[in-house]
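Colleague: how does the following fold in three dimensions:
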Amino acid sequence: MLGKQFNQPPPFGTIHPDDDRDIEIQRPKDAARKHLWQESRLLVRDLIFALMVLALVMVFIIQPVKVEGTSMLPYLHDGERIFVNKLIYYDDYRWAPKIYRGDIVVFWFPEDPSKSYIKRVIGLPGDTVEVHDGQVRVNGRDLDEGYLDPHLNMSHASKPPTYVKPGYYFVMGDNRDNSSDSRIWGLVPKKYIYGKALFRYWPLGAAKVITRDPHNRSVPPGATFRRDDDAPDSDDR
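Modeller: Residues are numbered from 1 along each chain as shown. Predicted structure coming up:
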């Protein structure tokens with residue numbers, strides 16, 4: 001009888017001592033630590049990748065800029081922060097954004113490239129720009145500048161016609177009574193323009209997309225890179 005019981009197979013679910021080597025005992029705390037470590041590694045990897053993408057964007061596409069001074073009042077105020085589109089620097093390529101009249105651009109100051117200025121584009125290559133009693137005219141047509149504050153344009157200054165030669169732009173600050181711009185020191189070479197205002201992100205309450213003024217699309221084209229015999233000389237900067 002004992003022999004019969006000894007030769008019988010073990011009941012269902014019984015474990016033989018020899019099976020111990022095939023069993024891995026997983027404690028709940030150890031499993032949780034392993035899972036947390038794996039998740040942490042994935043998080044660090046994704047964070048590094050995101051920082052690399054952000055660095056590429058900041059170097060080649062978008063750059064934060066702090067507005068300094070009051071020359072762009074009332075549209076932009078001293079201390080505000082904006083993002084600029086740096087692809088404008090490559091506007092010779094078909095895929096790159098172009099510079100249009102009314103765009104707000106940042107550029108290296110022609111007389112001291114260590115300094116950066118921010119102004120509004122008034123004259124494009126081939127245009128003839130003049131100011132008469134504070135009113136800006138481009139190619140013989142008055143500009144509709146709804147972005148100006150009349151109280152900041154009280155001097156009613158005038159400037160003789162200036163021809164904007166190829167590869168240059170005529171820029172002005174919106175605060176006409178307190179702006180050092182093309183009326184004083186001349187044209188801006190295209191190669192000095194390194195960004196176009198895209199978005200104001202600070203202060204948060206004033207955050208908005210920066211768009212160019214839509215009222216002057218009917219301004220007739222300029223000389224389209226041909227020198228007009230009657231057009232006055234611009235400076236040779």
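
Colleague: give me the neighbour count for Glu80.
Modeller: Residues lying near Glu80 (other Cβ atoms under 10 Å) number 18. For every residue, glycine as well, the C-beta is placed using N, CA and C.

Colleague: please apply the same query to the one 3 residues further on.
Modeller: Phe83 is surrounded by 20 other residues when neighbours are defined as other Cβ under 10 Å.

Colleague: that one - that's part of a helix, no?
Modeller: No: Phe83 is assigned strand when assessed by DSSP: H, G, I helix; E, B strand; the rest coil, not a helix.

Colleague: that one: what's it in contact with?
Modeller: By Cβ atoms under 8 Å, 6 or more residues apart in numbering, the contact set of Phe83 is Ile62, Gln63, Pro64, Val65, Ala197, Leu198, Phe199, Tyr201.

Colleague: identify the bridge partners of it.
Modeller: For Phe83, the beta-bridge partners under DSSP bridges are Pro64, Phe199.

Colleague: okay, it: pLDDT?
Modeller: We note a pLDDT of 94 for Phe83 in this prediction.

Colleague: then the one 10 residues further on?
Modeller: The predicted local confidence for Tyr93 comes out at a pLDDT of 70.

Colleague: ok, back up a step: how about TSV for the contacts of Phe83, with pLDDT and neighbour count added?
Modeller: Output for these, formatted as TSV (pLDDT from 0 to 100; neighbours: other Cβ atoms under 10 Å):
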residue	pLDDT	neighbour count
Ile62	88	16
Gln63	90	17
Pro64	92	12
Val65	94	17
Ala197	95	25
Leu198	94	21
Phe199	95	15
Tyr201	95	14
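
Colleague: if we only consider those residues, which is nearest to Tyr168?
Modeller: Using Cβ to Cβ, the shortest approach to Tyr168 within these belongs to Ala197, at 19.6 Å.
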